[in-house]
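[1] Output the structure for:
(3 chains)
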Amino acid sequence: MTRPLTRRELLERAALGGAVLTLPGFLAACGGSGGGIEGTATTAGATTASGAKTLADKLTISNWTLYIDIDEKTKRYPTLEQFTTETGVQVDYIEDVNDNDEWFGKNQASLAKGRPVGRDIAILTDWMAARMVRLGYVDKLDRSAIPNASNLVDALASPGWDPNREYSLPWQSGLTGIGYDPERVGGELTSISQLLEDPKLKGKVTFLTEMPDTVGLMILDGGGDPSKVVKADFDKAIERLQKGVDSGQIRQFTGNDYSGPLAKGDIWAAVAWSGDMVQLTADNPNLKFAIPEAGGMIWTDNMLIPKGGDVFTASTFMNFAYDPKVAAQIEAYVNYICPVKGAKEAIKAIDPELASNALIFPDEATLAKAKIFDAAAADDKTYKEKFQAVVGA
Amino acid sequence: MNLVRRNALPAFAFAAFAYLLLPIAVVVVFSFNDPLGRFNYTWEGFTLKHWGDPFGPPGLKEAIIASLQIAALASVVATALGTLIALALVRYRFRGRGITNLLIFMPMTTPEIVMGASLLTLFLNLGVTTGFWTIFIAHVMFDISFVVVTVKARLVGFDRHLEEAAMDLGANPFSTFARVTLPLIAPGIAAGALLAFALSIDDFVITLFNAGSTITFPLYVWGAARVGVPPQVNVIGTLIFLVAAGLMLVNVLVQIRRPKGAS
Amino acid sequence: MDWLHRHRTVVPYLLLAPGLAWLAVFFLVPTYYLANTSLQSGSLDVGYAFTWAWDNYSNAISTYHEQFVRSLEYAGIATVAALLVSYPLAYFIAFRGGRWKGLLLLLIIAPFFVTYLIRTLAWQTILADEGFVVDVLQTIGVLGDGDRLLATSTAVVAGITYNFLPFMALPLYVSLEQIDARLIEAAEDLYASKVHAFLRVTLPLSLPGVFAGTLLTFIPAAGDFINAELLGTPRQSMIGNVIQSKFLVLTDYGQAAALSFTLMAAILVLIAIYTRVLGTERMGV
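    Model prediction:
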């Protein structure tokens, strides 16, 4: 049975470049705060014979800070406002992901009971996304609403924990390397060993609390392969880290909060994330980012739909984000690695310099030196406990 | 020698006050800073723009509103419940006084992390979703003890003769309570309420464990600390300080003007 | 009305009921659940089950005894430091404050209305490696040239001391203020020196305040983790850090609960010893 297109659906189709939407009957589970069809102007109810899909009034997104373009003056999000204009969906954007474990810890109880957590999209790092999928805490994407998913770069098309990208789509990727102040350090830094052994750097070095990043770099530095973690390599890495802590060489383990001390001079070198470093140069123009000779880590933050989220609306947003022009817009601000093909060309229109920035659009050579951490090892209880013991908890 | 001895104590007190107020001074000063990037650590220049735009950073306003709402609700409920308990403890004889005292005493002496964690396990086991209301429940829980202690102190010093006099003059117990007792213990109740409000609005650890996806002001600051606390947080901190100091100043001035017998 | 008067004995129970019920449900019951959880084992993947897992306790103590001891140590030092700073301060306000008592008290309390985290972050600015305070200390020789204040145990203990100061100062003030100045006068009339009068009259009479202040400072300090996290290195980690990590990062709820209980038990034991040493009759408990 056909029914007239609502104005919303017409705009939506136009925005998606004329892609034809097929409409298998599917609507988000009721009870989600972003879901439901609470008395909107659309005609169809939750379960019409034609299985019409309607967009919810509101989309709630949980993300890390500084991960989407924002107009500093008006404090508004241009990309999100564009989405609202095109689809009529209000976006509630909440920057409450400070740490994968913390976010998970806060929401775990609800997720375990299958209760909605008030989010339609949550953006979490690889190994945590893998855990969410494994535990069944996420809903499948509505791939029919995401034709733009074909723009996903090949390198990320098929991770081990979600081979057909049924549950996730990358938001941004990033490189982990060394962020440092060459003036204070007195030269270039090219290896993790320098951080651990240079006496000049004693007490001026921080590592990350994220095990995949810290241990990954340590394993690379020790000559191993972090994409398939071997116990001997892991233990050796832990041993070296512990030595660093005991001797006072390593000052602290941090999350994003290495940024302040690095800018301020409390630390001179940190295991750091590429995008952060690009943004930090505003505070301290001397700062540099380097991938160690032995190799760096590459990670991806993925969009997921926590159980109870509005699948259709969330998927529509994901499709929107995978439009190369929109992706370029986001990228121009965020400065991490863009997972969308075609964004590089599109970004030339916004800021041509960015198109040639190897940290945002890395070339083959850079990517070859970057490894993804073994997702199974990242969530292994024993490994995590050993690492936590070094970190001091 | 005598000069030194006379002034040693005031000098020490002065130094102690300076020490207490130093971080606050830093917070206030840096609310006027104009940082280059995201980090507000080094003094760059004076500006009033953050004061003009205190709710600029996204999420800050919602966090403050959540904190204020929870604090207001929690302090009202805790003050009511706590005052009743204080009245019972001071005015009446009953069995189970020891246990009551123990139950009041225990939350004050349990480390926050233990209280936060145990509440979380309660909610986990019952399948309750953590969020605004679980924070509210937690705050009332630890506020009650402090209200009881505060109001009790006031009640203990209360002159029963005033009540007896009122009743001798024909007032019934309710009337006496409403028109004699309550006004006289009101400062104690107000103090208890203020304390409860302050504890609630500042609470971090217990809230961290039980907040679910709700964000209160302290939780907001915690998240912001990772990527650079915006100067607006300093503005809000300064405002909180001024409002609190102002309220307490009013309380103090009222006390000073009270006739001797009643305080 | 009359009913109430005739059933006077019921009234106190009616007054107590709502508040105590709240505490019973939201304090006692969670304590039970914590105990229950401490004997559970399992993980997120397979679920958790009650298995009389006493090894949660034995593992907790054997693996983390260092952090336990350190927490009690830091809390102890911070409490003593707070006492040393607060006592003269409270004494000053109580005996020399005069009309300004209320105002001075306000000056002690008001800073603590500014959010705990903001205050601690301010210390990060004040004690920065290249900041003013470190510079001065290096110039006058207290600190070596390569030394720092932040990320040290000194900073952590100093932070704890600062953050819990009013919990020590206020009870001290309350009990000092209640001392009748005439008692001290009397002692001096009887040829006691000022110091002697203090030691034999003032100090003993202020002990209830010392007791209350010590408890209200030591107990929260022992469970603190924020100062250690923001102002320390992994070598300063306290038991609070471990508990937080076990709960939120490792989702090892059984061990986390066991650690929490052990901490509570340790604190209660110390309090019992302390109370015994001081003597309860004087405490007004």
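[2] can you give me the strands in the stretch 101-250 of chain A?
    Using DSSP state E, counting those that start in this stretch, the strands of the stretch 101-250 of chain A run over residues A:121-125, A:138-139, A:168-180, A:205-208, A:250-254.
[3] Any chance of a markdown table for the ones you listed, columns mean neighbour count and mean pLDDT?
    For the C-beta atoms, the positions are set from N, CA and C on the backbone; glycine is no exception. Below are these laid out as a markdown table (neighbours: other Cβ atoms under 10 Å in any protein chain shown; pLDDT from 0 to 100):
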| stretch | mean neighbour count | mean pLDDT |
| --- | --- | --- |
| strand A:121-125 | 25 | 95 |
| strand A:138-139 | 22 | 94 |
| strand A:168-180 | 26 | 93 |
| strand A:205-208 | 26 | 93 |
| strand A:250-254 | 26 | 89 |
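[4] mind checking which of those strands is nearest chain C?
    Smallest distance to chain C across those (Cβ to the nearest Cβ): 5.1 Å, for strand A:250-254.
[5] For that closest one, name the packing helices and strands.
    For strand A:250-254, the elements it packs on are strand A:205-208, judged by 3 or more Cβ pairs under 8 Å, 6 or more residues apart in numbering or on different chains; DSSP states H and E.
[6] Could you list the residues in contact with the strand it packs on?
    With contacts defined as Cβ atoms under 8 Å, 6 or more residues apart in numbering or on different chains, strand A:205-208 is touched by A:176, A:195-196, A:214, A:241, A:244, A:249-255, A:258, A:261, A:267-272.
[7] redo that, cut-off 6 Å
    A:195, A:214, A:250, A:251, A:252, A:253, A:254, A:258, A:267, A:269, A:270, A:271 (Cβ atoms under 6 Å, 6 or more residues apart in numbering or on different chains).
[8] Got the confidence number for the residue nearest to residue C:35 when sequence neighbours are not counted?
    Distances taken as Cβ to Cβ, 6 or more residues apart in numbering or on different chains put residue C:261 closest to residue C:35, at 6.6 Å, once the chain neighbours are dropped. Per-residue confidence (pLDDT) for residue C:261: 86.
[9] so residue C:261, which of the three states?
    When classified by DSSP: H, G, I helix; E, B strand; the rest coil, residue C:261 comes out as helix.
[10] That one - how many residues pack around it?
    Residue C:261 has 22 neighbours, counted by other Cβ atoms under 10 Å in any protein chain shown.
[11] That one and residue C:58: what is the separation?
    Look at residue C:261 and residue C:58: by Cβ to Cβ, to the nearest Å, they are 13 Å apart.
[12] With residue A:329 instead?
    With distances taken as Cβ to Cβ, residue A:329 is found 57 Å from residue C:58.
[13] is stretch A:111-118 anywhere near chain C?
    No. Applying Cβ under 6 Å from any Cβ of the partner chain, one finds stretch A:111-118 out of contact with chain C, separated by at least 7.8 Å.
[14] OK, contacts around the closest residue to chain B within the stretch 151-285 of chain C?
    Here the stretch 151-285 of chain C gets closest to chain B at one residue, residue C:223, 2.4 Å apart by Cβ to the nearest Cβ. By Cβ under 6 Å, 6+ apart, the contact list for residue C:223 reads B:111, B:113, C:240.
[15] Same list (those residues) but as a markdown table, adding secondary structure.
    Formatted as a markdown table, the contacts of residue C:223 follow (three-state DSSP):
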| residue | secondary structure |
| --- | --- |
| B:111 | coil |
| B:113 | helix |
| C:240 | helix |
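[16] Output the residues you listed in JSON lines, with pLDDT and neighbour count appended to each entry.
    Shown next, in JSON lines, are those (pLDDT from 0 to 100; neighbours: other Cβ atoms under 10 Å in any protein chain shown):
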{"residue": "B:111", "pLDDT": "81", "neighbour count": "26"}
{"residue": "B:113", "pLDDT": "82", "neighbour count": "30"}
{"residue": "C:240", "pLDDT": "90", "neighbour count": "29"}
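[17] Turn those residues into a markdown table, columns for distance to chain A.
    Below are these laid out as a markdown table (distance: Cβ to the nearest Cβ, whole Å):
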| residue | distance to chain A |
| --- | --- |
| B:111 | 16 |
| B:113 | 12 |
| C:240 | 9 |
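[18] ok, and the closest non-adjacent residue to the residue nearest the centre of chain B?
    With distances taken as Cα atoms, centre = their mean, the residue of chain B nearest its centroid is residue B:198 (1.8 Å). In this structure, residue B:198 finds its nearest non-sequential neighbour in residue C:113, 5.7 Å apart by Cβ to Cβ, 6+ apart.
[19] can you pull the pLDDT of the one you found?
    With respect to pLDDT, residue C:113 scores 80.
[20] and it, what are its phi and psi?
    With angles defined as degrees, to the nearest 10, residue C:113 sits at phi -80, psi -20.
[21] Would you mind measuring from it to residue C:213?
    Using Cβ to Cβ, residue C:113 is found at 20 Å from residue C:213.
[22] Next: residue B:187.
    From residue B:187 over to residue C:213 the distance is 23 Å, taken as Cβ to Cβ.
[23] Nearest to chain A: which residue in the stretch 151-263 of chain B?
    For the stretch 151-263 of chain B, Cβ to the nearest Cβ, closest residue to chain A: residue B:226, 3.9 Å.
[24] pretty sure that residue is touching residue A:260, no?
    No. Counting by Cβ atoms under 6 Å, residue B:226 does not reach residue A:260; the two are 8.8 Å apart.
[25] Many thanks, we can stop here.
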